[in-house]
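> requesting a structural model of the entry that follows:
(chains A, B, C and D)
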2 protein chains.
Amino acid sequence: MFDVLLSHIDEKVTLNEQEKALMQNYFVPKRLRKRQYLLQEGDVCRNLAFVSKGLLRTYNVDDKGDEHMSIFGWEGWWISDFNSFLTGVPAVFNIDAIEDSEVLLLSRENYEAITLAIPMMDRYFRILYQNSLVTKERRLMSSVTDTAEEKYLRLSQSNPDMIERIPQNLIASYLGIAPETLSRIRKNLAMRK
Amino acid sequence: MFDVLLSHIDEKVTLNEQEKALMQNYFVPKRLRKRQYLLQEGDVCRNLAFVSKGLLRTYNVDDKGDEHMSIFGWEGWWISDFNSFLTGVPAVFNIDAIEDSEVLLLSRENYEAITLAIPMMDRYFRILYQNSLVTKERRLMSSVTDTAEEKYLRLSQSNPDMIERIPQNLIASYLGIAPETLSRIRKNLAMRK
DNA sequence: ACACATACTTGATATAGATCAAGTGGATTT
DNA sequence: AAATCCACTTGATCTATATCAAGTATGTGT
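Take a look at the predicted model:
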């Protein structure tokens, strides 16, 4: 469980053995059954969650009860209602498990503490967020300018695992298109091959 | 010019006087005339730019020659093709000045160097990016789920300065709607008052 | 194995907003 | 001051995709 976290961090910054050992003190492991909530809207998001195994989804629910996917988190990813985590305001997102999952929870206090105890973690998070900003900017531009089919093609090229692993209706929601539309797109693409 | 930068940083982290004096060594001031490019697509984005005065826009141009606004940067904001800056790949965005502007340029080398010389700058950028991620996530969800009018209303509530200061056609592009649609929305809203 | 729930597919219809076109107004250039 | 350019407005038409509805397939629980 911690192996996944440490090797993930290793890709971005170098921690010494002492720092690595110290890391465990700041995290609380948690298991989630498929469909189990990690966070419900209205509660405060008190932890960043690092996914060491499985797959979770972050989504909000509009007035009509429709779910809108925001982020999927699987092995090696962090997941949270970030604004709620940072500011303590009630979460607008729900987070639950698409598959049986294991996460490591980092509380807000420990988030600050860990960067003081291990300053390299400031750098790690900076680099993590840099990359996240680039990805999110791409997604934003795509959502504004691409056709539904272009959106789907982009996703299936940049992240084929997602297409295999996540139910189609959730993917449609993530792309901001209707499930019927996604079904039609996939059919059209299959017929073009 | 540096005053704006230092007071902006002061809002997030505390630097001592020595560190503040040191900051100037890492930046190059630059003035831009209205409409002057800071970055053209295809070039590598070699600097992060901090806007100390004025207003800039980041946009890309699609096959049909249409401009799509990505980010506006004004006093206190950082602006760049971030992916190009981080990786050295050619920029996909153009950046130019909507108004006469003054920026402070931080090269990639100095970006790394400054965080080593002043470790608190790692923290500053981490916090900066946290906030940016929250904002961007909101914008992403809005772009996928809001109607055109809802998008405009959100923007005018969260950022009225933008509505006043930026030409309507650029705002329309930023929201991912046609200028005609924005014009209609504004007319409808005015009639409802 | 059967019953039920849910995801996916398919056809028909509706719609929010894009696109096209032209007019008006304001800014810039000569 | 006149000419030109460009932003904004307005009306008409078009369209990508949403919505509605029903059927089919798959998964889950008993």
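
> then stretch A:23-42 to PDB, C-alphas only?
Written as PDB, here are the backbone C-alpha positions of stretch A:23-42 (Å, rounded to 0.1, in the frame of the first residue of the first chain):
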ATOM      1  CA  MET A  23       6.000   9.300   5.600                       C
ATOM      2  CA  GLN A  24       3.900   6.500   7.100                       C
ATOM      3  CA  ASN A  25       3.300   8.500  10.200                       C
ATOM      4  CA  TYR A  26       1.100  11.000   8.300                       C
ATOM      5  CA  PHE A  27      -1.200   8.600   6.500                       C
ATOM      6  CA  VAL A  28      -4.200   6.600   7.600                       C
ATOM      7  CA  PRO A  29      -5.000   3.600   5.400                       C
ATOM      8  CA  LYS A  30      -8.700   2.900   4.500                       C
ATOM      9  CA  ARG A  31     -10.500   0.300   2.500                       C
ATOM     10  CA  LEU A  32     -13.600   1.000   0.500                       C
ATOM     11  CA  ARG A  33     -16.100  -1.400  -0.900                       C
ATOM     12  CA  LYS A  34     -17.500  -0.900  -4.400                       C
ATOM     13  CA  ARG A  35     -20.000   2.000  -4.200                       C
ATOM     14  CA  GLN A  36     -19.000   3.000  -0.700                       C
ATOM     15  CA  TYR A  37     -18.700   6.700  -0.100                       C
ATOM     16  CA  LEU A  38     -15.400   8.300   0.800                       C
ATOM     17  CA  LEU A  39     -17.000  11.800   0.900                       C
ATOM     18  CA  GLN A  40     -20.600  13.100   0.700                       C
ATOM     19  CA  GLU A  41     -21.500  16.600  -0.400                       C
ATOM     20  CA  GLY A  42     -22.200  18.900   2.500                       C
END
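
> that one close to chain B?
No: Stretch A:23-42 lies out of reach of chain B by C-beta under 8 Å from any C-beta of the partner chain, never closer than 13.0 Å. C-beta here means a position set from N, CA and C on the backbone, and glycine is covered the same way.

> what residues sit buried inside whatever helix or strand residue A:142 lives in?
Element membership of residue A:142 [criterion: DSSP states H and E] is helix A:120-145. Residues A:120-134, A:136-137, A:139-144 are the ones in helix A:120-145 that count as buried (16 or more other C-beta atoms under 10 Å in any protein chain shown).
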